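Asker: Give the three-dimensional model of this entry:
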Amino acid sequence: QVQLVESGGGLVQPGGSLRLSCRGSGRLGNMNNMGWYRQAPGKQRSLVAAIFSGGAPYYAHSVKDRFIIARGVAENTVDLQMNSLKPEDTGVYYCNLPDYGLGLADDPGSWGQGTQVTVSS
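Answerer: Sure, this is the predicted structure:
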């Protein structure tokens, strides 16, 4: 059984930074390929960043040059460093395999509870 636990969200002013962390267990293995998704209010969940066992990471245009995805120090964790945050970055952030977000899979599998990020002055 897959378990995903996201943490690190909060309220931050525009221009600020947050670091999200995702811990996975179960058949995700060592999380070689993982992604971070965002669901903004009233919008569909979309992939914003992904890391792969080989090749360059993926970033959505809206977060490129501001967000950095990296494997965490702890085992089976993937972090998302978010800098220069904007109000439009507000949403619930989830981690999961990137295949669904890249249109490579129809079933996203299990989701965690997500972590809320609110960017507001």
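
Asker: my guess is Gly8 contacts Trp36, does it?
Answerer: No. Applying CB atoms under 8 Å as the test, Gly8 and Trp36 come out as separate, 10.9 Å apart. Where C-beta positions appear, they are placed from N, C-alpha and C, glycine not excepted.

Asker: So for the two, which sits in the more crowded spot?
Answerer: More crowded of Gly8 and Trp36, by other CB atoms under 10 Å: Trp36, with 27 against 16.

Asker: what's the lengthiest strand in the chain in contact with?
Answerer: Longest strand of the chain, by residue count under DSSP state E: strand 18-25. Outside strand 18-25, the residues that touch it by CB atoms under 8 Å, 6 or more residues apart in numbering are 2-10, 12, 31, 34, 36, 72, 74, 76-82, 85, 93, 95, 112, 115, 117.

Asker: Just the ones in strands from those, please.
Answerer: Using DSSP E, the members of the contacts of strand 18-25 that fall in strands are 3-7, 10, 12, 34, 36, 77-82, 93, 95, 115, 117.

Asker: Mind pulling up the pLDDT for Gly29?
Answerer: The model reports Gly29 with a pLDDT of 59.

Asker: which stretches of this protein have low pLDDT?
Answerer: Applying pLDDT under 70 to the chain flags the ranges 28-30.
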